[in-house]
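**Q** With the input below, show me the fold.
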Amino acid sequence: MASKLATPKCPLRPGDPCSLCVPGATGPQDCQTVRLVMEDPDLRELWKQKQAEWRAKSVA
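**A** Below you'll find the model as predicted:
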């Protein structure tokens, strides 16, 4: 019986699966790029703006 594992989504690229683009990462939970964006106030603000834009487009 095939297991149905959830595919982690990339928090930085809405709608895209985590492609493990950072060597050694096993998903968004230990991705250094995600960590850097979430810890930097300016990058986090930009990320929030992009998320809002993506949500607005997906609803329209």
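**Q** Could you use CA atoms for every contact and neighbour count after this?
**A** Noted.
**Q** so what secondary structure elements neighbour the top helix by length along the chain?
**A** When the chain is parsed with DSSP state H, its longest helix is helix 41-59. Helix 41-59 is packed against helix 32-39, with contacts defined by 3 or more Cα pairs under 8 Å, 6 or more residues apart in numbering; DSSP states H and E.
**Q** Tell me the buried residues in the helix it packs on?
**A** Buried positions in helix 32-39, judged by neighbour count with 16 or more other Cα atoms under 10 Å: 34, 37-38.
**Q** Can you redo the residues you listed as JSON lines, where the extra columns are pLDDT and distance to Trp47?
**A** Shown next, in JSON lines, are those (pLDDT from 0 to 100; distance: Cα to Cα, whole Å):
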{"residue": "Val34", "pLDDT": "92", "distance to Trp47": "10"}
{"residue": "Val37", "pLDDT": "93", "distance to Trp47": "8"}
{"residue": "Met38", "pLDDT": "93", "distance to Trp47": "8"}
